[in-house]
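In: generate a structure from the sequence data that follows.
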Amino acid sequence: MTKMKSPRTTQIVIIAGIVLLVGFLFSQDIKGLVKPKEDAAVAMPQQVETSGVSLTEVSATAKNLISNAAAKEFTSLENVYQKAQGEEKVNQAKVLAQKWDDLEQAIPSALYLEEAAKGQSSLQNWVKAGDRFLKAFDNTQDSLVKPVMLQKANQSFSKAVAIDSADLDAKTGMGITIVNGMGAPMEGIAMLLDVVKKDPKNFKANMNLGLFAIKSGQFDKAITRFEDLIKNIKATPDAYFYLATAYENLGKNQEAIDAYLQSKKLAANPTLSSFIDKKVAELKK
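Out: Reported below is the predicted structural model:
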């Protein structure tokens, strides 16, 4: 019989899995396999100072990460945006948001979508902004920017819910931000469960319910959630990876190995493959 892991070992496995998925499965590039301090995995502060993240500064920083030619193109588009008014300004903000997203620069992309939603307040615009802020929250490793992205996501979904309280995309996004620290976790869980009740095959809501089960150490619930998600909704690399993480924490090594290998197969990413190969080797000892 495989022996159960100690609480500390269990916590380390959870943190390692979360760091991996944040770095790879949400941004297609593993940026950090080093375990953070254990208290860094706890909920985010509910209120942060958002004035420290300006569109101008974020854009300038992002330009340093792309080619000179691309940076010049963005400068030109930004000049057009600054001079535009009304609907034209909203449309230009959306163009800039898409171009930044194409280059996997979620922070400036999200800020431009926020500007578009401010200029043309609608359910769709606020949900798009919220989704992009969540993407920025997932991708960034900056401890100062991360809580700002979460708060802005929460604010965007709050505006969307105010427009249509029954919209499932808005409620899902709102629930995700609450679970991640913008309120009492159980309030967010209740919102996500309500979404799943109305739409049992809602991928995003089910995924985040499973993830919260892992974070809170409810591995049996996580396994049930991810197995159902894989079988009845969509089999994705991250779903298999989280399933493997839950199995591993219960000492079910063979089941964990099988799920890790499915994640590796579907992702077909060299960095993830290397990580999983090492993980599988450890589990076989």
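In: so the most centrally placed residue in the chain, which state does it fall into?
Out: What sits nearest the mean C-alpha location of the chain, by C-alpha atoms, centre = their mean, is residue 138, with 3.8 Å. In three-state terms, and counting by DSSP: H, G, I helix; E, B strand; the rest coil, residue 138 is helix.
In: mind listing what residue 130 touches?
Out: Counting by C-beta atoms under 8 Å, 6 or more residues apart in numbering, residue 130 touches 153, 154, 156, 157, 160, 170, 173, 174, 177. Every residue, glycine included, has its C-beta placed from N, CA and C.
In: so the fourth one is in which element?
Out: Meaning residue 157. Under the criterion DSSP states H and E, the helix or strand holding residue 157 is helix 145-163.
In: what lies in contact with that helix?
Out: Outside of helix 145-163, the residues that reach it under the criterion C-beta under 8 Å, 6+ apart are 44-45, 47-50, 52-53, 107, 110, 114, 117, 121-123, 126-127, 129-131, 133-134, 136-137, 140, 167, 169-171, 173-174, 176-178, 180-182.
In: and stretch 231-247, by the same measure?
Out: Judged by C-beta under 8 Å, 6+ apart, the contacts made with stretch 231-247 from elsewhere in the structure are 13-14, 17, 20-21, 25-26, 201, 203, 206-207, 210-211, 213-214, 219-220, 222-223, 226-227, 229-230, 253, 255-260, 262-264, 266-267, 272.
In: residues of that stretch that come out buried?
Out: Taking 16 or more other C-beta atoms under 10 Å as the neighbour-count basis, stretch 231-247 is seen to contain the buried residues 236, 237, 238, 239, 240, 241, 242, 243, 244, 245, 246, 247.
In: low-confidence ranges, the stretch 1-150 of the chain, go.
Out: Under the criterion pLDDT under 70, the flagged ranges of the stretch 1-150 of the chain are 1-52.
In: how about the helices in it?
Out: With helices called from DSSP state H, counting those that start in this stretch, the stretch 1-150 of the chain shows them at 7-23, 55-63, 68-83, 86-102, 106-119, 123-139, 145-163.
In: among those helices, which comes closest to residue 279?
Out: Nearest to residue 279, of all those, is helix 7-23, at 8.9 Å by C-beta to C-beta.
In: where does residue 182 land in three-state SS?
Out: In terms of secondary structure, residue 182 is coil; the call rests on three-state DSSP.
In: residue contacts, the closest residue to residue 264 other than its chain neighbours?
Out: If you skip the residues right next to it in sequence, residue 264 has residue 276 as its closest partner in space, 4.5 Å away by C-beta to C-beta, 6 or more residues apart in numbering. By C-beta under 8 Å, 6+ apart, the contact set of residue 276 is 260, 261, 263, 264.
In: let me know the closest of these to residue 197.
Out: Comparing the contacts of residue 276 against residue 197 with C-beta to C-beta places residue 263 closest, at 28.4 Å.
In: my guess is that closest one contacts residue 272. True?
Out: Yes: at 7.3 Å, residue 263 and residue 272 qualify as touching, with contact defined as C-beta atoms under 8 Å.
In: the two: who's more crowded?
Out: residue 263 (29 against 25; other C-beta atoms under 10 Å).
In: for residue 284, see how far away the more buried one is.
Out: The spacing between residue 263 and residue 284, counted by C-beta to C-beta, to the nearest Å, is 17 Å.
In: quick check: domain ranges of the chain?
Out: The chain breaks down into these structural domains: 1-43+200-285, 44-180 (assignment by automatic domain parsing).
In: TSV for those, including distance to residue 193?
Out: Below are the domains of the chain laid out as TSV (distance: least, C-beta to C-beta, whole Å):
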stretch	distance to residue 193
domain 1-43+200-285	7
domain 44-180	9
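In: does residue 266 lie in a helix or a strand, and which?
Out: Element membership of residue 266, judged by DSSP H and E, is helix 253-267.
In: contacts for that helix next, please.
Out: Outside helix 253-267, the residues within contact range by C-beta under 8 Å, 6+ apart are 2, 24-25, 235-238, 240-241, 243-245, 247-248, 272-273, 276-277, 279-280, 283-284.
In: tell me the buried residues in that helix?
Out: Residues 253, 255-264, 266-267 are the ones in helix 253-267 that count as buried (16+ other C-beta under 10 Å).
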